[in-house]
Every structure is written in structure tokens, then in C-alpha cells.
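Undergrad: Any chance you could fold what I've pasted below:
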Amino acid sequence: MKQCLSSKLGFFWAAVILLWIKTFIVYMLEFKLTVSNILQSFLLFFNPLSSAILFIGIMLFIKGKKAGLFMIIIDAILSFVLYANVVYHRFNSDFITLPTLTQTSNFGSLGGSIMDLVAFYDVVFAADVIFLIILFNKTKAYWPSESLPVRKTLFILFAGVVAFVINLGLAELDRPQLLKRTFDRSYIVKYLGTYNFMIYDAMQSLKSTTQRVLADSNDITTVANYTKNKYAKPNEVYFGRGKGKNIIKIHLESFQSFLIDYKLHGEEVTPFLNSLADENNKNFTYFDNFFHQTEQGKTADAELIMDNSLFGLPQGAAFVTKGNNTFQSLPAILDQRRGYTSAVFHGDDRTFWNREEIYKEMGIEHFFDSSYYHMSDDQVINYGLKDKPFFEESMPMLKSLKEPFYAHMITLTHHHPFLIDDEDATIDPAETGDGSVDRYFQTARYMDEALEQFFNELKEAGLYEDSIIMIYGDHYGISDNHNQAMKEIIGEEITPLKNAELQRVPFMIRVPGVEGEAINHEYSGQMDVMPTLLHIMGIDAQDYIQFGTDLLSEEHKDFVSFRNGDFMTEKYSHINGVFYDHETKKEITDITKKMEETKKKVYHELELSDNVLYGDLLRFYSPNDDWEPVDATEYDYGKRNNR
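TA: Next up is the predicted model:
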């Protein structure tokens, strides 16, 4: 063994095996990738091998001792990539893509969020690198000065290629068209591995950059035909009832619907929101089967979806990577068709998620960011301004808007890692031992109190009675990496189906002069909000490219597509490649033609929406004769000094 490790080839195989074993252990302990058969288990074990051989094997061409140094460097780089994905996955339950790396401008605002994801035992991720450094120092004296014979190096690389081909072939047997039909990165990682996923992602990113150049007007015709066929006629009771009314949209950060009516230590966590969602409250309609449809863009995806009825991208955030696209967004439509002023209120820096630029492309007239608020130490925590001072200080700016207006209020305090000052906490944390989960209820209570305060201020200002008010959750707050703690919270096992059910977020709406339905059980998602609001304003949604349908229509399409290709309906769902019956919670083995058709429709929708964003197809489309494309140069948000 000592003699073997003292050679360049022995050192190479030591590096390969250590990286292989470490990667597999990470798959099992950190990524917790679901496997459903022996073949998937084998592929999960096998897939790091080809990458390790190919990436490290190239260094065998280098002469002498330098080869060992470069092997260590390659191993360190791959280890860093692996660890970066671990940290990213701990909150996002997802994997880093090249487009997410363009969002580095956001990192400065993350504060304790990243540190909360780092564990003390993470030093073990560098163990193999340290071992290789020690081994190299002890054995390099025995290494020959010449390089390994080229034929032998090529044979090793060929073995790596063969390993990959076998890997891909077996993956295709278990999941046909893996690289063409999946929208879920976890499948690629499970079948092909983290390092091969990097290559796949790079190829996808390159492909996406060429789509705009190759796109033409015929592409948008295909999309328009689909969305017009999916169109749902408006509900006559609601159609046009919102004309001339102000619209106030309230964004509940990281708020999941299981919080509604949830009691902790015998106390309601969100008593005010509970009162709005009460079955006897006919002022609001609460959709209790409403789901977020976001992906890597999280909050930015939610904003994109709610104001455009387009899916976020499969990789990265369209707010960042497609910030110069043509959009036909809700603010621009309301401006051109109904003369509305639009504004966004947010107690964070305007550069976060590239908002300062993309809001202009969406036709948003005013953006009140952190420079308009008192950002003193006692009023700021985690990502930015606390919710209570945020709402309080927003009121004068809200009242200054020319009516009618469309105002979007974005909260911040209830965001991972859910930090809260002692004086702001009015409910004790949960007691699962998972800090993020335990604090989640405290920041939810704080947000609830801030929301009640805002409602009172709206009433005092005379804005409540004559305004359409929408409240929505943007995305999950507790990822599936916290399933053990969540099992204690909800009292049941977090199965793949249950995890999908936990992606419900609240959506509530109040239309002045129209009695609400209290609770509506329709299966729906964020994609459906824009066409719903257009119809309330008396604007026919059929004229616009939208993938959602009117929530209040009798023709509403009640399947909810998720960005990864999964979907929900009232009676069944499709999660991680498996159909589930909602009544029995069991897997469906007798799959009907309708189920397969819905699955194909979901994939088709995702593909068409991606074509719109990647190809910037809305530049070829005019929704009506008098439509004027948004000119971003007309908007200047100014900037106040922090006070």
C-alpha cells in the first residue's frame, strides 16, 4: 500500500477514491436525494466516479511533482463546489447554477442568513484535501521527474468516459429523456452527480443565451395560441367591480399557510391573519389551496409571477438574468388601460434582485427603497427594515401617490434565519431544537402584528374602504432540510406528498362592494393572480400572454404547476415522478390517460414560458392596437439620503 501511494498513479487513485467517497456521503447526509429502486441507489453511489477520474486525471499529463500539486488544486476546487452546494441546499433545497452566480450583488444583504447555514462540523469537507497535502509531502521525493506515459493517461481518461456513458445509459433506462424533459435539478444530480451537473448547467446556460438571437415572431404565435385556449371567462359578479379602486398588494415574506390557525404553546401564532381567513368573514376571500410557484429566484420569482403570469426560470432569477427583456406587466397594463400610478415599497437596498432596473422594464413608476426610510440600528434586523416601522413610515408615501394607484408592499422581517430582537418577540419560540424552525413562529407573530397595525393606519387614512387589498405569501420559509423539526410541529411524517402540500401560501383578496366568499377551496397558484385582477378591473385577460387563469371564474383551470414539473390538482398530484391520491395519501399505480395528459400539459407550459423569457418573445407581441411598449428610460426613482 505504501509503495502504491508513493507513486504518481497511486496518488491519483487516492485522490479519486477520497473525492468519490466524500461526495457519496454528502449525497446521503446532506442532499438526502430520494431513491425509489436499486438502480437509483447504485447510480447515486456510482455517479461521482466518472467526474473524479476525468477532472483529476487530466493532471496526469503534467510532468513531475507539479502533477500532484495540480491534483490537489483540482480536488480542492471540486470540494469547494460540493460544499458551496451543501450550504446553498441547506436553505434552498436546490443546487447552485451559473445564473445564480450572477446574483452575487445580493450576498451583501444576506447577513446572518449564510452564517446560520454553516455548521462547525463542516471542516470535514476539507479532510481529503488535507490528507492529500500530507501524503504528497511524504511521497513526492519518490516521484519520477517525467510525466506518465501518454497512452496510460489516455486509457485512464477513456475509462472515465466509459464510466460516464454507462452512468448516462443506466439513468436513461430509469428516467427516459432525462436531459430533455426534466425541470428538476435534483434529478440530474441524483442520476449524474454534482460535478456532471455543472457541465450540464453550463451547456443549458449557453443554449439560453443563443435563444434570443434565434427567436422570431412565429415563436410567440405558438405561445399566444396556447394561452388563448387556456383562457377562462371572467366571473360576471366580479368583472369590472374594481374600476377606479386603489389596489394594495401586501407581500408576506416566507409565510406558509400552515401558520393560519396554528397554535403554539396554546396561543394563536397569527391571530390577525386568522381573523381575515375566518369562515365567517365575508370581507375577504381566502384561498386555502393556493400554492407558490417559485424556483431559484424565490421572492423575485414571486414578484415576476404575480405581475406577469409567467413562470420563473429553471435556473437563476429572471429579475437578474433577463432584466432587459420586454415585459407586459400588470403595472404597465393598469397605467395604459386605467390610468393607474404604480409603486413598490421595500425596506432594503434597491439593487437587491436587480429591482432598480427591472422595475423600470415593468413600467413601475415609483420605487421607495431603503433610502426613503429610517435605517437606524434599532429599526433594522436581518435583511433590512423591520415590518412595523416599514408600514408606519410607508403611510405618508402611500398617501402621496396620485389615485388610483397600484401599491406593492414587501415585508422583510419574516425571512430566514428568522431573527428577532427580544423586545419585538411576543410569543415564545417553538422547542424543536432547530433554531430556524423555532424562531419562525416569533417572526410570523411580529409580521402579523405589523399587518394589523397597517390595516388600522389604512382605515385612519381613509384608504381602506375604497381599496382592493391583496395579501399573498411569496415562497416557503421552512425547507425540507428541516423535516425532522417540522414533523414535531405538525405531528406527522413529512413525506414527498406532505412536503408538496406544505408549499401552500396564503392568498386573500378584498374587493370593495362585493361580498367575499370567506374561504375558497379552489386549487390555484400565483400564476392565477394577474388574470384575476385584470378581470376585476374590467380588462379582458385574453388579450395578454398569461399562463394562469381567473381564480374566480367557473372555468378556472384547477391544476397547479410547479417549476420543477410537479403539479397539484384537487384529487391527485404528481410529485417526484410519482402520482398520489389525495384522499388515501398513497401512490397511484393505475394511472389514467387524463393524468398523463395533465403531466404533458404542465411540461408544455413550462417550456413555452421559458421560451418567452429566454427568447424575449414579448418584443414581437402587441396585446391590442393602442399598446405602447414600456420605455425604461422614462423612469427615475431618485434616492433620498437615509434619515
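Undergrad: Going along the chain, name the helices of the stretch 451-600 of the chain.
TA: For the stretch 451-600 of the chain, the helices defined by DSSP state H, counting those that start in this stretch cover 483-490, 496-501, 529-536, 593-614.
Undergrad: for the last one, packing partners?
TA: The helices and strands touching helix 593-614, judged by 3 or more CB pairs under 8 Å, 6 or more residues apart in numbering; DSSP states H and E, are helix 194-214, helix 217-230, strand 560-561, strand 567-568, strand 572-575. C-beta: built from backbone N, CA, C; applies to glycine.
Undergrad: hmm, try it at 7 Å
TA: Contacts defined by 3 or more CB pairs under 7 Å, 6 or more residues apart in numbering; DSSP states H and E place helix 593-614 against helix 194-214, helix 217-230, strand 560-561.
Undergrad: from the chain's centre, how far out does the last one sit?
TA: Shown here is strand 560-561, whose average C-alpha point lies 15 Å from the average C-alpha point of the whole chain (CA atoms, centre = their mean, to the nearest Å).
Undergrad: what's the answer for stretch 431-438, then?
TA: 23 Å.
Undergrad: which residues sit in contact with the closest residue to Asn167 other than its chain neighbours?
TA: Nearest non-adjacent residue to Asn167, counting by CB to CB, 6 or more residues apart in numbering: Asn47, 5.4 Å away. By CB atoms under 7 Å, 6 or more residues apart in numbering, the contact list for Asn47 reads Asn167, Tyr191, Leu192, Gly193, Asn196.
Undergrad: mind checking how far the last one is from Ala202?
TA: Yep, that's Asn196 we're talking about. 11 Å (CB to CB, to the nearest Å).
Undergrad: The two - which one has more neighbours?
TA: Asn196 (20 against 12; other CB atoms under 10 Å).
Undergrad: how about that one, what does it touch?
TA: Contacts of Asn196 (CB under 7 Å, 6+ apart): Asn47, Ser51.
Undergrad: do the same with Asn324
TA: Glu361.
Undergrad: related to what we said a few turns ago, pick the most deeply packed of the helices of the stretch 451-600 of the chain.
TA: helix 529-536 (a mean of 26; mean count of other CB atoms under 10 Å).
Undergrad: for it, the distance to its chain's centre please.
TA: 23 Å.
Undergrad: who touches it?
TA: Taking CB under 7 Å, 6+ apart as the rule, helix 529-536 contacts 234, 238-239, 241-242, 306-309, 330, 333, 468, 511, 541, 546, 548-552.
Undergrad: Also stretch 488-501?
TA: Contacts for stretch 488-501 (CB under 7 Å, 6+ apart): 34, 258, 430, 432, 437, 480, 483, 486-487, 566, 568, 573, 575-576, 580, 585.
Undergrad: can you count the residues close to the residue nearest to Lys298 when sequence neighbours are not counted?
TA: Nearest residue to Lys298 in three dimensions, chain neighbours excluded: His475, at 4.9 Å (CB to CB, 6+ apart). His475: 23 surrounding residues under other CB under 10 Å.
Undergrad: Torsion angles phi and psi at His475?
TA: When read as degrees, to the nearest 10, the backbone of His475 gives phi -170, psi 180.
Undergrad: about what we covered before: just the helices and strands packed on helix 593-614: most buried one?
TA: For those, the highest mean count by mean count of other CB under 10 Å goes to strand 560-561, at a mean of 28.
Undergrad: Sheet-wise, list the partners of that one with their directions.
TA: strand 567-568 (antiparallel) (DSSP bridges).
Undergrad: Assess the claim that the residue nearest to Lys298 and Glu295 are in contact.
TA: No. Counting by CB atoms under 7 Å, His475 stays clear of Glu295, with 9.2 Å between them.
Undergrad: Provide a list of residue ranges in this structure with pLDDT below threshold.
TA: 1-6, 92, 99, 102-116, 177, 180-184, 641-643 (pLDDT under 70).
Undergrad: Okay, domains of it per the record?
TA: 2-211, 232-634 (automatic domain parsing).
Undergrad: Nearest approach to Ile220 belongs to which of those domains?
TA: The closest of these to Ile220 is domain 232-634. By CB to CB, the value is 4.2 Å.
Undergrad: still on that earlier bit, would you mind giving the helices of the stretch 451-600 of the chain as CSV with distance to Gln315 added?
TA: Converted to CSV, those look like this (distance: least, CB to CB, whole Å):
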stretch, distance to Gln315
helix 483-490, 25
helix 496-501, 21
helix 529-536, 23
helix 593-614, 10
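Undergrad: Can you tell me which of these is nearest to Gly384?
TA: Of all the helices of the stretch 451-600 of the chain, helix 529-536 sits nearest to Gly384, with 24.5 Å by CB to CB.
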